[in-house]
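for reference, the sequence and a predicted model appear below.
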Amino acid sequence: MQQGAKTAATLSVLCVLLVIVGVWAFNTATEPFPGKTDPPICVATSIDAGERVFPQQVTVSVYNASDRNGLAGRTIDLFTEDGFNQGVTGNAPRNARVRYAQIWTPTPEGPDVRLVATRLGRETEVVRREGAGVGVTVVVGDDFEELTRGKKAVVAEDDAEICSPPVS
């Protein structure tokens, strides 16, 4: 092969490689940055029997089943003032019939549920059903006014799993 043909072939291969690298670099440079991910509100945390559970370990979500606007927001503020972690707030499903307060949970005997129940008072019903929010789901009705003075901690009677804020 003559010298001119070798040079032309080499330059052609180098041009093709340059185009391939250029396309790859352009695609990489114009790719969007990974989005910021918010940490989860709470994560499943194992609690051993005999271990104490404190408000700082419990996440509470509150839903309004009353005709009073903002009741869920005011109630979650009361829980956070008492040291509980804020879950979500919103309106309860339209078919929810709650006069005072209910806790909706699949684990009514859980230490987190028992601790929250001490803050809601004796009129509170604990209903075995899936909660609507993260953590302990509290549904407040027209007769609910404020939290009561509850226990500072409860002892887990059995091994349990609660929804606690993530550890940073």
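Yep, that arrived.

from here on, contacts and neighbour counts on C-alpha atoms
OK.

by mean pLDDT, which helix or strand of this structure comes out lowest?
In the chain, no helix or strand scores lower on mean pLDDT, DSSP states H and E than helix 3-29, which sits at a mean of 84.

my read: residue 163 touches residue 45, true?
Yes: Residue 163 is within contact range of residue 45, at 6.0 Å (criterion: Cα atoms under 8 Å).

tell me the SS of the most centrally placed residue in the chain?
Geometric centre of the chain, nearest residue: residue 41, 3.0 Å, by Cα atoms, centre = their mean. The local conformation at residue 41, judged by DSSP: H, G, I helix; E, B strand; the rest coil, is coil.

tell me how far it lies from residue 7.
Taking Cα to Cα, to the nearest Å as the measure, residue 41 and residue 7 are separated by 64 Å.

about what we covered before: now the element after the least confident helix or strand of the chain, going C-ward?
Per DSSP states H and E, helix 3-29 leads on to strand 43-47 as the next helix or strand towards the C-terminus.

show me where this protein dips below the pLDDT cut-off.
Along the chain, the parts satisfying pLDDT under 70 run over 1, 168.

where exactly do the helices run in it?
3-29, 71-81, 111-120 (DSSP state H).

how's the chain carved up into domains?
Domain assignment for the chain by automatic domain parsing gives 1-37, 43-164.

with mean neighbour count as extra columns, can I get the ones you listed in a markdown table?
Output for the domains of the chain, formatted as a markdown table (neighbours: other Cα atoms under 10 Å):
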| stretch | mean neighbour count |
| --- | --- |
| domain 1-37 | 10 |
| domain 43-164 | 19 |
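
now the residue nearest to the centre of the chain, nearest residue through space, not along the chain?
Spatially, and ignoring its direct neighbours in sequence, residue 41 is nearest to residue 165 (6.1 Å; Cα to Cα, 6 or more residues apart in numbering).

what's around that neighbour, how many residues?
Look at residue 165: counted by other Cα atoms under 10 Å, it has 22 neighbours.

could you do residue 166 as well?
13.

residue 38 is in contact with that one, correct?
No: under the criterion of Cα under 8 Å, residue 166 is not in contact with residue 38, lying 11.4 Å apart.
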